[in-house]
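Undergrad: model the following, please.
(2 chains)
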Amino acid sequence: MTALQKDRGPGSPVAAGPDAPPDAAPPVRTPRGRGTRRYWWFTPWLYLLAPLVLLVTFTYLPIADMLGYSFTDWDGISPTHENVGAENYTDLFTRPELFKVFLVSGVYLVASFVQIAAALYFATVLSFKARFRNLFKGILFFPYLINGVAIGFVFLYFFQPGGTLDSLLQVVGLHGHHLWLGDPDLVNKSLAGVSVWRYTGLNMVLFLGAIQSIPPHLYEAAALDGANSWQRFRHIIAPSIKPIISLSVILAISGSLAVFEIPYVMTGGANGSETFVIQTVKLAFKFDKVGLASASAVVLLVLILIVTWIQRRLVPEERVELS
Amino acid sequence: MRRGWMAVAAATMVVLTACSSGGGSSSSAATAAADPAKVSGDITVLTNRTDQVTDGTLKKYADEFTKLYPNVKVKFEGITDYEGEVKIRMNTENYGDVLLIPQSLSVSRYPTFFSSLGDASDLSRTFDWTDYANVGGKVYGLANIGVATGLVYNKAVWQQAGITDWPTSQQAFIDDLKAVKARTQATPYYTNYHDGWPLRQWTDSVGVPSCDSKAKDALATTAEPWAAGKDLNAIDGLLYSAVHEKLTEDDPTTTNWENSKTLLGTGKVATMALGSWAIPQIQAAAKAAGQNPDDIGYMPFPQASSDGKLCSVVQPDYKYAVNTHSSHKEAARAWIDWFITKSGSAQAEEAISSVKGTALPSTLKPFEDKGVRMIPQAQEQSAVVSKIDKGAEIGLDTPDYRQKLVDIARGAAPGDRNSYFAELDKKWSESQKTVAG
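TA: Numbers count the residues shown, from 1 in each chain, chains lettered A, B, ... in the order given. Model (predicted):
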C-alpha cells in the first residue's frame, strides 16, 4: 500500500489538480510516467465512447422516437402516420379511468417497503459473524438471478388452489382453500409478494456493500460503550448507509409505478391486476393505438421524474462522514 | 461465442433494415408459373406450427414439393409467438417469402404488405373463403384449412350424466352442465381463462345464434351489439351463465391450455368452446393418456335458429400470403398453390380443406348427419368492424373483455351481466360514431 503510494510520487494526479501548490504546476504539461505517453484531452472520451454509444442508441434515441410517436396517430404497422398534435395527451387526461390502475401500484409500493425492511434486516444480520452466512447470502440473492418469466411460471404453480402454497400452509396447520390469484382482494398482494421475493436479494446486496464500508473500529467503540445490537443498527449502520437506503426508496417508488413483467406473465393483467405499463402495452399492441400508448409512456416517465425530484427535495443528498 | 456474434449481427441488420424501410413497395403480382422447371429460388416460409417444424412434417412436404419444382428450395421458420413477432417484423422488409397473415392486421392493409395472388373472380372458383382477403377484387391471401365453430366435449362424460342429445337452447345447455356437475366428477365447462386466447374463440361464433352469415358485418352498423337478441348477447350471455352458475373451474386464473387438453381427454373436464381444429389435438391428448380418442366429440353452439336448426360458422384459419418485397414471388406462389391443393396436409390434419368440393373430415361427420347448417361469415365490413372495435378498446379478438366478463360472473369484479353489457354497448356506439365521422 505504501509502496504504491510512493511510486506515484508527488507528481501526477495530485499536482495536476486545482489544489496543487503553484510551484508544482509547470507551464508546460510534463509527460507522465516515463515520458512515452502523450495526453490528449479527448482520451477519457475515447473510453466513454462505447457506453455512450450504447446509451444513446438504446435509451435516448428510443425516448426521442417515443416522444415523436406520442404526437401522432400511428397504429404500429402502417407505413404512414399523421401528426395529431397534443390530441393523445388530451385524450389521456380526459379519461380518468386510465389512471385508476395506479391504485394497483399502491399495493406494490407498500410491498416494496416490506422488501426494504427485510433486506436491511438480512444485510445487518449477515454482515456480522453468523453461521453459513455466505450460504444465506447466496440463497437470498439467488431469486434475483432467475429470469422474470421463469419466476412467473413457477409461481403460477405455487399459487394454484391446492398447490405448493396451500400444501405448505396445511403442513403448519393453516387449512384453507385460497384463490391466491383468483380472489380480487388477494391477487395483487400475491403478485407483490412474488416481487418482494425476487428483489429482496438485490436490495440486500446493495446494503451489504454499504455496511461493509463502515470501519470496524466504530463497532468496537460501541461495544465498549455497551451498545446493544439495535442501538448499533440505529446509531451506526442506519446513518452510514443512508444514501443507499434513499436510493432504494427511489427505486422502489419508480419500480412500483412501472410494475410489469410479473403480473403480465402470471395474470396478463386480468382480475384487476392490471398495472399502468400493462395497460399501455395493451393500448399499443391490442388496440393498435401506438400514439396513445407512447403518450401514456411519456406520462409515466414524467411522473417518475417528478416523484424522484420531490423525494430528492425532501431527503437531500448528504455526504456521510465515516469515523 | 460465434453464434452470439451472429445474433448481434442479425439484430443489427434487422435494426438497419427497420430504419431504411417505409413505403415504396413494388406492386407486382405473385402469379402462378406455367412450367415448374423454370421456377427457381430459395424461399423462406414463416409458420406458427413450430411442432411441425421440429418433428419434420413440413420438411417432408418440402421434399415432395422439390420433386416437382427442382430449382426451388423451401426453408421454414417456426415462430412461437407468431402474432406478436411477425407484426413487428412487418415494419421491415424481412418477413419471409411466404407467411401467414397476422389475424390482427386489418384487411385494407393487405396490399401494403403482400402481393396479389390473382383476381377474386378466378380464385373463388377453386378456393373457399377468398373474400376474407379480398381488397378491390384482388385476393391477397389463401387459406389452407377452414375451421367450424362449436364446442369440444367428452361424449363419455356427457353420457354418464344421462345426456344423449345435443342441447338446442341455452337453457338446455346450462341444465346439461348442471347434470354433468351433479352426476359426474368432471368440471362441466373449462374457460381456459388464464391463457386467454381460448376465450377469444367465442367471437368466431358471431353469426351462429342468429344463423346469419352477415351477422359479423352487421356489427358495423349495430349501435348496441350486446342488446338482447343480438349474437354477442347470446354468446357472452351463455359464458356468463355458465360461470355464474358455478359450472366452471374453481380458479380460472390458474388454468393451463396444454393441461386442459389432457383434462378434457381424460374426462376431468366435460366441455370447452374451441374451433374444430382442436379436435385432433384433444384426441391425441386422450390417446396419450390411455383413453379412447373416440370419446371426444364436437357439438354446435347450443342455440337453434328460428327454424329449429343448429348452425356453425365455417371460416378460414390463417391465410398464406406472399411478401411484397420477396425476390422469388413465383416460387413463393408455387409453394402456396402446391401446399394447399396437392400436399394433402388438410386431410392429414382432419381439417376442412379450402379447395372447393373436398369432403368434410370424419370428425365433422356428425354435423353433416344431424343437418347442422354450415354457414360462411361475410367479411365485407370487417375493416370497419375492426376499426370500431379497436377504437372502443373492447377487443373482440382479444381475451381481455371476456376475462372481465368471467370476473363479473364469478363475483370477482363489480357489476352484473346487464351493467357490463350496457357498458360494452356504450363504448361500441361511441366509437362507431367516431368511425362513421
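Undergrad: near chain B, which residues of the stretch 151-300 of chain A are found?
TA: For the stretch 151-300 of chain A, the residues in contact with chain B (C-beta under 8 Å from any C-beta of the partner chain) are A:156, A:159-161, A:163, A:179, A:181-184, A:187, A:267-272, A:282-283, A:285-289. C-beta: built from backbone N, CA, C; applies to glycine.
Undergrad: which members of the residues you listed occur in helices, if any?
TA: Applying DSSP state H to these, the entries found in helices are A:156, A:187, A:282-283, A:285.
Undergrad: residue 221 in helix, strand or coil?
TA: The chain I'm using is chain A. When classified by DSSP: H, G, I helix; E, B strand; the rest coil, A:Ala221 comes out as helix.
Undergrad: if you could check chain B rather than the one you did, that'd help
TA: coil.
Undergrad: for chain A, see how far away it is.
TA: Separation of B:Thr221 from chain A (C-beta to the nearest C-beta, to the nearest Å): 21 Å.
Undergrad: which among the residues of the stretch 151-300 of chain A next to chain B count as buried?
TA: Neighbour counting with 16 or more other C-beta atoms under 10 Å in any protein chain shown marks A:156, A:159-161, A:163, A:179, A:181-182, A:184, A:187, A:267-272, A:282-283, A:285-289 as buried within these.
Undergrad: chain A contacts on the stretch 301-437 of chain B?
TA: B:390-391, B:393, B:395, B:398-400, B:403-404, B:407, B:410, B:412-413.
Undergrad: inside strands: which ones of these?
TA: Using DSSP state E, no member of these falls in strands.
Undergrad: between the residues you listed, which sits nearest B:Thr44?
TA: Distance to B:Thr44 across those (C-beta to C-beta) is lowest for B:Thr398, with 28.8 Å.
Undergrad: next secondary structure after the helix or strand that contains B:Asp51?
TA: B:Asp51 belongs to helix B:50-54 when assigned by DSSP states H and E. Downstream of helix B:50-54, the next assigned helix or strand under DSSP H and E is helix B:57-68.
Undergrad: mind listing what's buried in that following helix?
TA: Of all the residues in helix B:57-68, those buried under the rule 16+ other C-beta under 10 Å are B:57-58, B:61-62, B:65.
Undergrad: who does that helix touch, helix- and strand-wise?
TA: strand B:72-78, helix B:329-341 (3 or more C-beta pairs under 8 Å, 6 or more residues apart in numbering or on different chains; DSSP states H and E).
Undergrad: from those, which stretch is densest packed?
TA: Most buried of the helices and strands packed on helix B:57-68, by mean neighbour count (mean count of other C-beta atoms under 10 Å in any protein chain shown): helix B:329-341, with a mean of 23.
Undergrad: could you give the number of residues near B:Lys230?
TA: For B:Lys230, the tally of surrounding residues (other C-beta atoms under 10 Å in any protein chain shown) stands at 22.
Undergrad: quick one: mean pLDDT over stretch B:208-224.
TA: Mean per-residue pLDDT for stretch B:208-224: 92.
Undergrad: what about it, start to end distance?
TA: Criterion C-alpha to C-alpha, to the nearest Å; first-to-last residue distance in stretch B:208-224 is 18 Å.
Undergrad: buried sites along that stretch?
TA: Residues of stretch B:208-224 classed as buried: B:208-220, B:222, B:224 (neighbour count, 16+ other C-beta under 10 Å).
Undergrad: what does it rub up against?
TA: Here stretch B:208-224 makes contact (C-beta atoms under 8 Å, 6 or more residues apart in numbering or on different chains) with B:149, B:206-207, B:225, B:230-231, B:234-235, B:300-301, B:303, B:305-307, B:309, B:311-313, B:373, B:375-382, B:384-385, B:388, B:425, B:428-429, B:432.
Undergrad: okay, and which of the residues you listed map to strands?
TA: Going by DSSP E, the strands hold B:311-313, B:373, B:375 from the contacts of stretch B:208-224.
Undergrad: closest one of the residues you listed to A:Leu301?
TA: Nearest to A:Leu301 among those is B:Val313, at 44.7 Å by C-beta to C-beta.
Undergrad: quick one: neighbours of the closest one, just the number.
TA: B:Val313 has 27 neighbouring residues, counting by other C-beta under 10 Å.
Undergrad: isn't it up against B:Ala378?
TA: No - if you go by C-beta atoms under 8 Å, B:Val313 and B:Ala378 don't touch, sitting 10.4 Å apart.
Undergrad: sorry, back to before: quick check, nearest of the buried residues of stretch B:208-224 to B:Val135?
TA: In terms of C-beta to C-beta, no member of the buried residues of stretch B:208-224 lies closer to B:Val135 than B:Asp217, at 15.7 Å.
Undergrad: confirm that closest one sits in a helix?
TA: Yes - per three-state DSSP, B:Asp217 lies within a helix segment.
Undergrad: next up, phi/psi of the spatially closest residue to it that is not a sequence neighbour, please.
TA: What sits nearest to B:Asp217 in space, not counting adjacent residues and going by C-beta to C-beta, 6 or more residues apart in numbering or on different chains, is B:Gln381, at 4.0 Å. Note on B:Gln381: backbone dihedrals following degrees, to the nearest 10 are phi -100, psi 10.
Undergrad: so what does residue 190 look like in phi/psi?
TA: No chain in the question, so chain A it is. Main-chain dihedrals, A:Ser190, degrees, to the nearest 10: phi -60, psi -50.
Undergrad: quick check: B:Asp175 vs B:Asp63, distance?
TA: Plainly put, B:Asp175 is 53 Å away from B:Asp63 if you go by C-beta to C-beta, to the nearest Å.
Undergrad: I misspoke; the intended subject was A:Ile116.
TA: Distance of A:Ile116 to B:Asp63, given as C-beta to C-beta: 61 Å.
Undergrad: residues contacting the residue positioned nearest the centre of chain A?
TA: Nearest to the mean C-alpha position of chain A, by C-alpha atoms, centre = their mean, lies A:Leu251 at 4.0 Å. Residues near A:Leu251 by C-beta under 8 Å, 6+ apart: none.
Undergrad: number of residues surrounding the nearest residue to A:Tyr219 once chain neighbours are set aside?
TA: Take A:Tyr219 and drop its neighbours on the chain: the residue closest to it by C-beta to C-beta, 6+ apart is A:Arg232, 6.5 Å away. Close neighbours of A:Arg232, defined as other C-beta under 10 Å, add up to 18.
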